[in-house]
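Undergrad: Build me a model from this:
(chains A, B, C and D)
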Number of protein chains: 2
Amino acid sequence: MARNKAFDPEERLEKARDLFWQKGYNATSMQDLVDGMQLNRASIYDTYGDKHALFQQCLSNYARQALKDYKQCCQVCSPIAAVEHIVRKAIENRKEGQSCLMVKTSFELASMDQAIKDLVKNQALELIQVLQELLEKAKQLGEIPAEKDPGVMARFLYSSFSSLWMMDVLFNDKQLIDQLTDHILSSIRK
Amino acid sequence: MARNKAFDPEERLEKARDLFWQKGYNATSMQDLVDGMQLNRASIYDTYGDKHALFQQCLSNYARQALKDYKQCCQVCSPIAAVEHIVRKAIENRKEGQSCLMVKTSFELASMDQAIKDLVKNQALELIQVLQELLEKAKQLGEIPAEKDPGVMARFLYSSFSSLWMMDVLFNDKQLIDQLTDHILSSIRK
DNA sequence: CTTTTTTTGGAACATTCATTCTATAATTAT
DNA sequence: ATAATTATAGAATGAATGTTCCAAAAAAAG
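TA: Next up is the predicted model:
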C-alpha cells in the first residue's frame, strides 16, 4: 500500500542526539540537523515533529540508554562496588571534551523550559533511586557506616556527576578527575 | 569638544550580565539586550563591541565581583570557617532558580569556545587558589586531617559548586542543598 | 501493471538574527 | 556663539533561523 521509510528512525535519532550533545540545543540549527542526520527537512518534521520535540526524543533516548547502562552495573559483585562502578563508568566513556547531555541540558534549558526540566528531573530521580537502593544494601552489609543516610548519599553522588563533568570540560585532566572521584567515593564510605 | 555618554557603561553591563545569566548566551538576542539594557543598538556596539565581546565583559565583571566576595570571606575567623562561609555563601545569594553564570557558561560554551573557556578556567584557578591557601592554613592549625591534600580538596570544593547549582535548578529544595553542603564540608574535615 | 499511499527533495515562507548605516540631536571646548 | 565631535534613534541590511508546502519519485498491495 505505502512506501517504507528509507532510514531507521532510531539510528538517525542518535545522530541528532550526538549533534545536540556536542553543541547544545540552541546552538544546533535545523540545517545542522539536516546535514548531520542526512535526512530531508520534511522527513525530520514528519518523523519527529519540530526541533523541540526532536530534542525531547533525543533526551529520552539518552536517558533510557544511560539508565540501562547504570542498572547493568548493579549485577556485578557487592553493592558498594556497583556504586563505584557507576560513578567511574559515567565519566570514563565520555567523548572528547563532551560532557553529559543531561547535565549540560540542566544548565542550558532546565531553568527556562518546564517540559525539559521534568524530563531531566525524572531521569535524575530514577538514577538516584538506583543508587539509593544500592547504598541501602551496602549499609545492611556494613559496607558503609551506619550513620550515613543512603538517600542523601545517593543525591550527593548524582550531583557529583555535574562536578566531574564541569572539571572535565575545563581542565581535561584525567588525573584530576580520578582524584576527585576517589574523594567523592571515599566520602560515602567513611 | 565632544559629547559624553548619557549612561554608566558599568551599570548597563550589569543589566546585560543579568540577561545572559538568566537565559544563557545563545538564547539571549540583541533585541533582548537593547530592551533590557535600555540602550540603543548603536550605543551597545559602540561601547562594548559585538555580542560575543559584550558577553566576555559580562563574564569578566561577574568573575571579578564573585572573586572579591569570596576573598572577603577570608577575613572572618578561622580558615576552615572561611571555607565554610564561601561554600554556603555561594548558593545562598542566588536568584530564583538561577544558577551561577560561570558554571552555566562552562556547560553552554566552554567546550566549543576557547576564549570563553580560558576566561572561566582562569577564574576557576583563582578561586581554587584562594580555597587552597585557606585549606593549607587550616591544615597547619589542625582544623583538617593531615592526610588531606589541600590542592585536591580545593578543586573538589570548586567542582562542588556545579553540583549544588545543578541540584538547585532541578529540585529547588533548600533542605536538600543544605544536606549536600553539609556532606561536602564534612568530607574535607574528617 | 496499476493504484494508492507516503516518503522524499528542494524550493518557498515568514520571522528573527546580529550587525551596519544614516541622519539627527546633543554637548563639549574653543 | 560657533564649530567640532560623538552619542543617539531607528531604519535598513543580509544572512540565518524554524517551519511549511508542493511536485515528483518510490514502493508496497491488489
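
Undergrad: Same question for stretch A:121-137: list its buried residues.
TA: Buried positions in stretch A:121-137, judged by neighbour count with 16 or more other CB atoms under 10 Å in any protein chain shown: A:121, A:123-124, A:126-128, A:130-132, A:134-137. (C-beta placed from N, C-alpha, C; glycine too.)

Undergrad: where along chain A do the helices fall?
TA: A:9-23, A:30-37, A:41-48, A:51-73, A:79-92, A:101-105, A:114-140, A:150-171, A:174-189 (DSSP state H).

Undergrad: Let me know which of the ones you listed is the nearest to B:Asp178.
TA: Closest to B:Asp178 of the helices of chain A, according to CB to CB: helix A:150-171, at 10.2 Å.

Undergrad: which other helices and strands contact the closest one?
TA: helix A:79-92, helix A:101-105, helix A:114-140, helix A:174-189, helix B:114-140, helix B:150-171, helix B:174-189 (3 or more CB pairs under 8 Å, 6 or more residues apart in numbering or on different chains; DSSP states H and E).

Undergrad: rerun at 10 Å
TA: helix A:79-92, helix A:101-105, helix A:114-140, helix A:174-189, helix B:101-105, helix B:114-140, helix B:150-171, helix B:174-189 (3 or more CB pairs under 10 Å, 6 or more residues apart in numbering or on different chains; DSSP states H and E).

Undergrad: Tell me which of these sits nearest to A:Met166.
TA: Across the helices and strands packed on helix A:150-171, closest to A:Met166 is helix B:150-171 (CB to CB), at 4.1 Å.

Undergrad: Can you read off the pLDDT for the closest residue to A:Lys190 other than its chain neighbours?
TA: Distances taken as CB to CB, 6 or more residues apart in numbering or on different chains put A:Pro145 closest to A:Lys190, at 6.4 Å, once the chain neighbours are dropped. Listed pLDDT for A:Pro145 reads 95.

Undergrad: Tell me the spacing between A:Pro145 and DNA strand D.
TA: Look at A:Pro145 and DNA strand D: by CB to the nearest atom of the strand, to the nearest Å, they are 50 Å apart.

Undergrad: That residue contacts A:Ser187, correct?
TA: No: in this structure A:Pro145 lies outside contact range of A:Ser187 using CB atoms under 10 Å: 11.0 Å.

Undergrad: Looking at the two now, which is surrounded by more residues?
TA: A:Ser187 (20 against 10; other CB atoms under 10 Å in any protein chain shown).

Undergrad: check contacts around the closest residue in space to the more buried one that isn't next to it in sequence.
TA: Distances taken as CB to CB, 6+ apart place B:Ser187 nearest to A:Ser187, at 3.7 Å, with adjacent residues excluded. Going by CB atoms under 10 Å, 6 or more residues apart in numbering or on different chains, B:Ser187 touches A:Phe156, A:His183, A:Ile184, A:Ser186, A:Ser187, A:Ile188, A:Lys190, B:Lys148, B:Met153, B:Phe156, B:Leu157, B:Ser160.

Undergrad: Skipping adjacent residues, who's closest to A:Asp173 in space?
TA: Using CB to CB, 6+ apart and skipping the chain neighbours, the partner closest in space to A:Asp173 is A:Met167 (7.9 Å).

Undergrad: What is the neighbour count of the one you found?
TA: 24.

Undergrad: from what I can see it touches A:Ile177, true?
TA: Yes: A:Met167 lies in contact with A:Ile177 (CB under 10 Å); the separation is 6.4 Å.

Undergrad: which residues do the two both contact?
TA: A:Ile91, B:Ser159.

Undergrad: Surely A:Ala138 touches A:Ala146?
TA: No: counting by CB under 10 Å, A:Ala138 sits too far from A:Ala146 to count as a contact (11.1 Å).
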